[in-house]
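# no sequence for this one, just the structure:
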């Protein structure tokens, strides 16, 4: 479980007046059936990221130098991580990350190549206390249907295919105000396979509601932007019988 959590930690424009942001920050409080806790995360990009249609959509691929970090506290157990990607002028990029959960430490380092703005490949070496080092490969592809709509995929795997994840996102404009997004993933860790599908309907740029299924359990979420910089959300995840409250700031 700790290995899986730390592996995950090492990995979370429309029109002329479209807003752009560089700093994305999120706080979540979770109240579940047998635990509660919080997660605080921040992601900073060294170039502005333009919104696409709605206030929380910025495209699928990260193609600019960025740094991220997070703090989690669940089951009275703290977990921390920090990392980022650095893009060189020749489209080569390097990645690095470190994570800690209690007395358990992990790190990763890698490199990749941005083939174009829609296709990105990379490899990384990951090591954790008490575990053999592992090599992972990752590919991400975005098919831009038009100025707003896109269909994107990513595949991340150990080179021996013992664990892997295939994920996809479809985002589309229904009209000038309303949008729809569908996220799907299949993850294998050891002998366990987990499937998740989640759909989000955007009533306008600021209001959205989502419904999905995660490992056979339903989940729902609603999100509201009070202005162009701040948002609140509430959700329920049946898999842990958890209420999740979120606060967001993007600048």
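Okay, I see it. This is a predicted model, so every value here is computed, not measured.
# residue contacts, residue 218?
211, 212, 238 (CB atoms under 8 Å, 6 or more residues apart in numbering). Every C-beta, even on glycine, is put in place using the N, C-alpha and C of the backbone.
# Please enumerate the strands of the stretch 1-150 of the chain.
Taking DSSP state E, counting those that start in this stretch to define them, one finds strands in the stretch 1-150 of the chain at 20-31, 36-50, 66-74, 77-87, 92-101, 104-116, 119-128, 134-144, 150-158.
# Quick one: closest of those to residue 165.
Among these, the nearest to residue 165 by CB to CB is strand 150-158 (5.0 Å).
# now the angle between strand 119-128 and that closest one, please.
Strand 150-158 runs at 30 degrees relative to strand 119-128, counting by axes from the mean of the first three to the mean of the last three CA atoms, to 10 degrees.
# tell me the mean pLDDT for strand 150-158?
Strand 150-158 carries an average pLDDT of 97.
# Contacts for that strand, please.
Against strand 150-158 from outside (CB under 8 Å, 6+ apart): 11, 59-61, 134-145, 163-171.
# try it again with 6 Å
By CB atoms under 6 Å, 6 or more residues apart in numbering, the list of residues contacting strand 150-158 from outside reads 60, 134, 136-144, 164-171.
# Would you show me how to pick out the buried ones of these in PyMOL?
Of these, the buried ones go into a single PyMOL selection, burial set by 16 or more other CB atoms under 10 Å:
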select buried, resi 60+134+136+137+138+140+141+142+164+165+167+168+169+170+171
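# burial of the closest residue to residue 42 other than its chain neighbours, as a residue count?
Residue nearest to residue 42 in three dimensions, not counting chain neighbours: residue 25, with 4.7 Å by CB to CB, 6 or more residues apart in numbering. Residue 25 sits with 15 neighbouring residues when counted by other CB atoms under 10 Å.
# give me the beta-bridge partners of residue 25?
Judged by DSSP bridges, the bridge partners of residue 25 are residue 42, residue 249.
# got the contact list for residue 84?
Residues in contact with residue 84 (CB under 6 Å, 6+ apart) are 66, 67.
# Tell me the pLDDT of residue 1.
Reported pLDDT for residue 1: 36.
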